[in-house]
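Enquirer: Sequence plus predicted model, see below.
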Amino acid sequence: MAAKAIWKGNLRWGDFNVPVKLHTAIKEDRIQFHLLHKRDHVKLRQQMICAYENKPVSTEAQSKGFEIEDGKYIIVDPEELEQASPESGRVIEVHEFVKTEQIDPLFLERVYYLEPDAYSKGYNALVGALKEMDVEGVCTWTMRKRSYLGALQTSGRILRLNTLRYADEVISVKSLELLKIPLSEKELKIGSDLINQLTGPFQPQKFENEHQKKLQHLIERKARGEEIAVLRPRRLKPTAPDKLLQALEASLTKVA
Amino acid sequence: MAVQGIWSGTISFSLVAIPVQLVKAVEPGHVSFRVLHSKDYSPLQRRMFCPEEDRIVPPDEIIRGYEIGPHQYVLITDEELESVSPERSRTIEIGEFIDMKEVDSIYYDHPYYLVPTKGGEKAYQLLVEVMRRTNKAGLAKFVLGEREYLVAVKSTEGALALITLHYSEEILADEDITPREGKIEVEEKDRIKKSIRKMMADFEPGKYADDRRKKIVDLLKKKVKEKALVEAPEVEEEEGGGPPDLVAALEESMRKVKKSR
């Protein structure tokens, strides 16, 4: 079941206005650990320590500083930061529409479901229009003192907002300084054939978080006082560059 | 290599194995502040602290515990944790390829890049190029720290991007927010389509900037002009003087700070 609404707003573009409510779409369930002191199993807590005095510092005695050069800071008061917060509003402004395939997945952050808030004929009509045109709306809004950039999209019979990362948050591939290595057409051909052979439909339901279950099992065994055998992680031997073609051919024979 | 690795291991498909490093693909854009001691402007470090002994605890005295009752814990070592799925902790094994278009964007969680390490450059480039040509992405599961991730590995501008995916059980159902009445008014839909056509553009995320960040940067610029700078006291290097575990603890905390940046 979807969680209750976290925010309300109005989708707006041109002379259209569609009132919506935001719901979270993802719920992560993880096994939580605590950090303990080995010797007496006392639960530890995080504490800010002054590097100069080597002593814990209470929240009241802390300031925020922006490091302008090594060891030199500009102090910023909480009130000053508060003033930099964007003004809150209730409008999700759609600036333009783009083809869905143009949005690189690296920009996609998190999905929220949009529920129609009060009746408007626009909601269903917008779902239909976005679907038929295979487009998404690029929009901005302010929620909880943060400015968001997002893509308005549709799925099934509902609208969704997928928050987007700002352009300067995505690290460019150029900075990875990758080397260009020539490849033979034969290597590329066999590689492509192999990938096509290994392609299937995307079936996310097939994948379970087995690790979580195994971890739960490990905890239960340890709670009963059982001894746990330590297994070494497996490391694969890298394929040597001059053996690449051979490995590709052998792979293709295996799957064909 | 210009970037710091988060993880190192091997990515494999069928009989081909490529040594790689996992590096970050996104950097949170907010202006990052250091937390300082108001009294002496010395930077503060996040450390684990024992409330009972009232002292800082170095990393080698810390163990992970799962709470089974009040003050009752099951202790789990790093080695035991790695033993849970040992075959997946150092290998990203692509079991199948998929058409990236089939992946609903709701599954996308966090992106990283993979970069080849020594000897892996050629096979890496082959995988990049054939996934680009076939427009396919690889699916794999691998374990990092306390979690196991389902990941999609795709070709992006000459590099391999690894995007962690949500498990389908983490996605909440949307039935109860779906409008009961699904009827679409054709006239209204056509009016909307007309407005969309007028507003069509190419996706250029660079056009949009975070307003809050802009304002904070402006504030900082103003303060620099006013010369409102403070200076932290020099901290003496702990060479041989302090207990060795403290040095290790400092390095550990520095490493964590760098990672979380």
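Expert: Alright, I've got the coordinates.

Enquirer: do you know how far the most far-flung residue of chain B relative to its centre is from B:Thr91?
Expert: Most distant residue from the mean C-alpha position of chain B: B:Glu187, 45.2 Å away (C-alpha atoms, centre = their mean). As judged by C-beta to C-beta, to the nearest Å, B:Glu187 and B:Thr91 stand 57 Å apart. For every residue, glycine as well, the C-beta is placed using N, CA and C.

Enquirer: ok, now B:Phe13?
Expert: Applying C-beta to C-beta to B:Phe13 and B:Thr91 gives a distance of 11 Å.

Enquirer: Compare neighbour counts for these two and give me the winner.
Expert: B:Phe13 (26 against 20; other C-beta atoms under 10 Å in any protein chain shown).

Enquirer: Could I get the phi/psi values of the residue nearest to that one when sequence neighbours are not counted?
Expert: Once flanking residues are discounted, B:Phe13 sits nearest to B:Ile94: 4.1 Å by C-beta to C-beta, 6 or more residues apart in numbering or on different chains. Backbone torsions for B:Ile94, taken as degrees, to the nearest 10, come to phi -70, psi 110.

Enquirer: neighbours around the residue of the stretch 51-200 of chain B found nearest chain A, how many?
Expert: Nearest residue of the stretch 51-200 of chain B to chain A (C-beta to the nearest C-beta) works out as B:Glu148 at 3.1 Å. When neighbours are defined as other C-beta under 10 Å, B:Glu148 has 24 of them.

Enquirer: do the one 3 residues further on as well
Expert: The local packing of B:Val151 (other C-beta under 10 Å) involves 27 other residues.

Enquirer: ok now do it, which residues does it touch?
Expert: B:92, B:139-142, B:162-165 (C-beta atoms under 8 Å, 6 or more residues apart in numbering or on different chains).

Enquirer: residues making contact with stretch A:98-105?
Expert: With C-beta under 8 Å, 6+ apart, stretch A:98-105 has contacts from A:134-136, A:138, A:151, A:153, A:164, B:100-101, B:103, B:105, B:108, B:111, B:154, B:156, B:161, B:163, B:200-203.

Enquirer: returning to that earlier point: tell me the secondary structure at the residue of the stretch 51-200 of chain B closest to chain A.
Expert: Under the three-state scheme (DSSP: H, G, I helix; E, B strand; the rest coil), the conformation of B:Glu148 reads as strand.

Enquirer: hang on, B:Asp60 in a strand?
Expert: No: with three-state DSSP as the criterion, B:Asp60 is located in helix rather than a strand.

Enquirer: What's the local residue count around it?
Expert: The burial count for B:Asp60: 11, using other C-beta under 10 Å.

Enquirer: what's the nearest residue to B:Ser168 if we skip its chain neighbours?
Expert: B:Ser168 sits nearest to A:Pro204 (C-beta to C-beta, 6+ apart), 4.4 Å away.

Enquirer: what's the spacing between stretch B:27-45 and its chain's center?
Expert: Between the centre of stretch B:27-45 and the centre of its host chain there is 21 Å, according to C-alpha atoms, centre = their mean, to the nearest Å.

Enquirer: Residues in contact with that stretch: which ones?
Expert: With C-beta under 8 Å, 6+ apart, stretch B:27-45 has contacts from A:48-53, A:57, A:61-67, A:73, A:75-76, A:165-166, A:168-169, A:171, B:210, B:212-213, B:216-217, B:220, B:230-233, B:235, B:250, B:253-254, B:257, B:261.

Enquirer: Start and end of it, how far apart?
Expert: 21 Å (C-alpha to C-alpha, to the nearest Å).

Enquirer: Please identify the buried residues of it?
Expert: Buried residues in stretch B:27-45, counted by 16 or more other C-beta atoms under 10 Å in any protein chain shown: B:29, B:31, B:33-34, B:36-37, B:40-45.

Enquirer: now the strands for chain B?
Expert: B:7-13, B:16-24, B:34-37, B:44-50, B:55-56, B:62-69, B:72-76, B:91-94, B:96-99, B:108-116, B:136-144, B:147-156, B:159-165, B:229-231 (DSSP state E).

Enquirer: So which bits of the longest one are buried?
Expert: Neighbour-count burial for strand B:147-156, with 16+ other C-beta under 10 Å as criterion, is recorded at B:148-156.

Enquirer: so which one among those has the lowest pLDDT?
Expert: Within the set of those, pLDDT is lowest for B:Glu148 (87).

Enquirer: Next up, the contacts around that one.
Expert: A:209-212, B:85, B:88, B:141-142.

Enquirer: let's go with 10 Å and repeat that
Expert: B:Glu148 makes contacts with A:207-215, B:84-85, B:88-89, B:141-142, B:167, as judged by C-beta atoms under 10 Å, 6 or more residues apart in numbering or on different chains.

Enquirer: Near residue 165, how many other residues are there?
Expert: Chain wasn't specified; assuming chain A. Using other C-beta under 10 Å, A:Arg165 is surrounded by 20 other residues.

Enquirer: nope, chain B
Expert: Neighbours around B:Leu165, by other C-beta under 10 Å: 22.

Enquirer: Equivalent analysis for A:Asp117, please.
Expert: Taking other C-beta under 10 Å as the neighbour definition, A:Asp117 ends up with a count of 16.

Enquirer: count of residues packed around B:Glu188?
Expert: B:Glu188 has 19 nearby residues by other C-beta under 10 Å.

Enquirer: ok, the closest residue to it other than its chain neighbours - how many residues close by?
Expert: Distances taken as C-beta to C-beta, 6+ apart put A:Ala125 closest to B:Glu188, at 3.9 Å, once the chain neighbours are dropped. A:Ala125 has 23 neighbouring residues, counting by other C-beta under 10 Å.
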